[in-house]
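Asks: Predicted model follows, preceded by the sequence.
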Amino acid sequence: LFSMEIYLGIDWGTSKIDLAIADSDNKIAIPIGVVKNIAEVAAEAQSQGATKIILGYPVAKDGRNSDHQAINAFKLALEEATSLPVEVIDERLTTGLAIKLRHQAPGTQKHKAAAKEDAIAAMLILETYLSRS
């Protein structure tokens, strides 16, 4: 029997960590919010029943890893805190696309400002991963 995988997508930043969730059956990523530290990520992973973490890796447009020491330390800490496998994918285009999607979203400026906190970049990271699997 095949079992469904639950993926937790992460757009990591030094001030906030955007989260999204998806499963291997539906392959639809949904932004679930923003947390501030690894303990909160681990709690969210457990409450969502995550089986794998997909971590966006910041790569500069010229292909160089922009912050590889910090992101590698974060990845190791995530693996330790959650006991889950963490797969890293190139997130080069997701932040720009997230900003574009936010500006195209219907609603008032107040709604668009609120959308900044809904983890669109994490959703796009997960969708990139899902489109490859």
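Replies: Received the coordinates, thanks.
Asks: what sits against residue 55?
Replies: For residue 55, the contact set (C-beta atoms under 8 Å, 6 or more residues apart in numbering) comprises 10, 12, 71, 74, 75, 78, 86, 87, 88, 89, 125. No exception for glycine: its C-beta is placed from N, CA and C like everyone else's.
Asks: And the next helix or strand past the least confident helix or strand in the chain by mean pLDDT?
Replies: The helix or strand of the chain with the poorest confidence is helix 109-115; it has a mean of 48 (mean pLDDT, DSSP states H and E). Sequence order places helix 120-132 as the next helix or strand after helix 109-115, per DSSP states H and E.
Asks: which residue ranges form the helices in the protein?
Replies: With DSSP state H applied, the chain shows helices at 38-48, 68-82, 94-104, 109-115, 120-132, listed in chain order.
Asks: Now the weakest link among those, please, by mean pLDDT.
Replies: Of all those, mean pLDDT reaches its minimum on helix 109-115 (a mean of 48).
Asks: Give the bridge partners for the residue nearest to the spatial centre of the chain, please.
Replies: Compute the mean C-alpha point of the chain, and by C-alpha atoms, centre = their mean the closest residue is residue 10, 2.2 Å away. Beta-bridge partners for residue 10, by DSSP bridges, are residue 19, residue 55.
Asks: list the contacts for it?
Replies: Per C-beta under 8 Å, 6+ apart, neighbours of residue 10: 17, 18, 19, 41, 53, 54, 55, 56, 78, 122, 125.
Asks: run the last query once more with 10 Å
Replies: 17-20, 35, 41, 44-45, 53-56, 74-75, 78, 86, 88, 91, 119, 121-122, 125-126 (C-beta atoms under 10 Å, 6 or more residues apart in numbering).
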